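> structure of the sequence below:
(one chain, ligands or ions: 1)
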Amino acid sequence: MRMLEERRELIEYGKKLLTARLTRGTGGNLSIWDPETNLMAISPSGIPYEEILVNQVVLMDVETGKIVEGDAVPSSECDMHRIFYKYRDDLRALIHTHTTYAATVACLRQDLPPLHYLLAYAGVNVRCAEYATYGTVRLAKNAFEAMKDRNACLLANHGLLAGGADLAQAFNVTEEVEFCCELYCRTKAMGEPVILDEAELTMMIGRFRNYGQHMEEHEAI
Ligand SMILES: [Zn+2]
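Below is the predicted model of the structure:
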């Protein structure tokens with residue numbers, strides 16, 4: 001069985017989405033890309049995360065979209081995952097969810113501005129992709145466009161898509177974007193949030209990239 005480790009990791013993160021309350025039931029989908037074989041492992045359609053077996057994780061050829069292995073139907077959003085692995089090489093895992101606050105902002109069809117520094121895990125802001133019906137190539141293309149130079153995008157009247165170098169990163173981006181969407185909704189209920197400027201976010205993106213690798217320089221106090 002190919003990509004066994006990736007299949008197990010995918011199942012584990014599916015369960016983590018449930019326990020972290022980032023999804024419910026069979027909602028959302030996850031994938032991992034192996035650039036060497038150009039195969040992606042993607043969660044099956046309609047099977048609750050606690051019940052997915054390793055043989056039901058579907059392996060798909062990124063170039064052709066053909067199913068290579070898997071005893072189940074792939075997620076209906078497989079094109080939305082595949083388009084990123086076909087045309088970007090910085091993202092090796094993607095998570096799509098219908099988290100409450102991200103979906104709230106997505107229903108307003110608004111871009112999420114950087115009101116908190118943790119949004120830097122996703123980029124200088126998070127754009128909302130143009131609306132398209134779920135499971136369509138049009139939605140895949142709209143999401144790809146909206147996620148240019150970003151690690152996440154909102155899907156109009158639908159939810160959230162987040163990516164990273166691995167599933168742990170994609171999961172972190174999902175959590176942070178959902179947190180920032182919640183802050184956005186709450187601050188909007190009380191007034192107007194103060195938005196951080198792009199230079200501050202750009203500096204933060206560089207800092208997160210090197211986080212824990214070296215001691216930051218500090219001015220004298
Ligand atoms: Zn969805």
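> show me where this structure dips below the pLDDT cut-off.
Along the chain, segments meeting pLDDT under 70 span 212-214.
> secondary structure class of the residue nearest the centre of it, three-state.
Among the residues of the chain, Ala162 comes closest to the average C-alpha position under CA atoms, centre = their mean, at 1.3 Å. Classification of Ala162 using DSSP: H, G, I helix; E, B strand; the rest coil returns strand.
> hang on, isn't it packed against Ala152?
Yes - in this structure, Ala162 is within contact of Ala152 by CB atoms under 8 Å, at 4.3 Å. Quick note: C-beta positions are derived from backbone N, CA and C, even for glycine.
> overlap of the contact sets of the two?
With contacts defined as CB atoms under 8 Å, 6 or more residues apart in numbering, the residues shared by Ala162 and Ala152 are 122, 173-174, 177.
> hmm, back to that, specify the beta-bridge partners of the residue nearest to the centre of the chain.
Ile95, Ala152 (DSSP bridges).
> for it, give its distance to Gln56.
23 Å (CB to CB, to the nearest Å).
> equivalent analysis for Thr100, please.
Plainly put, Thr100 is 28 Å away from Gln56 if you go by CB to CB.
> settle it for me: which of the two has more neighbours?
More crowded of Thr100 and Gln56, by other CB atoms under 10 Å: Gln56, with 18 against 15.
> now the more buried one: closest residue in space that isn't a chain neighbour?
In space, and not counting its chain neighbours, Gln56 is closest to Ala72: 4.0 Å by CB to CB, 6 or more residues apart in numbering.
> quick one, what contacts that neighbour?
By CB under 8 Å, 6+ apart, the contact list for Ala72 reads 44-45, 47, 56-58.
> neighbour-wise, which one of those residues leads?
Most surrounded of the contacts of Ala72: other CB under 10 Å gives Val57, at 30 neighbours.
> tell me the contacts of the residue nearest to that one when sequence neighbours are not counted?
The shortest distance from Val57 to any non-neighbouring residue, by CB to CB, 6+ apart, is to Arg7 (4.0 Å). Contacts for Arg7 (CB under 8 Å, 6+ apart) come out as 1, 41, 54, 57.
> picking that back up, farthest pair within the shared contacts of Ala162 and Ala152?
Ala122 and Thr174 (9.3 Å; CB to CB).
> following the chain onward from the helix or strand hosting Leu10, which element is next?
Counting by DSSP states H and E, the element that carries Leu10 is helix 4-19. For helix 4-19, the following helix or strand on the C-terminal side (DSSP H and E) is strand 29-34.
> quick one: strands adjacent to that following strand?
strand 39-42 (antiparallel), strand 93-97 (antiparallel).
> okay, the helix or strand just after the longest one in CSV with CA atoms only?
Following the chain from strand 93-97 toward its C-terminal end, the next helix or strand by DSSP H and E is helix 100-107. Extracted in CSV, the C-alpha atoms of helix 100-107 (Å, rounded to 0.1, in the frame of the first residue of the first chain):
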residue,chain,number,x,y,z
THR,A,100,-18.3,28.8,12.1
TYR,A,101,-16.5,32.2,12.1
ALA,A,102,-14.6,31.7,8.8
ALA,A,103,-17.9,30.7,7.2
THR,A,104,-19.6,33.8,8.8
VAL,A,105,-17.1,36.1,7.1
ALA,A,106,-17.3,34.1,3.9
CYS,A,107,-21.1,34.6,3.9
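> and for the next helix or strand after helix 100-107, what are the contacting residues?
Note on helix 100-107: by DSSP H and E, the next helix or strand toward the C-terminus is strand 128-129. With CB under 8 Å, 6+ apart as the test, strand 128-129 has contacts from 105-106, 109-112, 139, 142-143, 145-147, 153-156.
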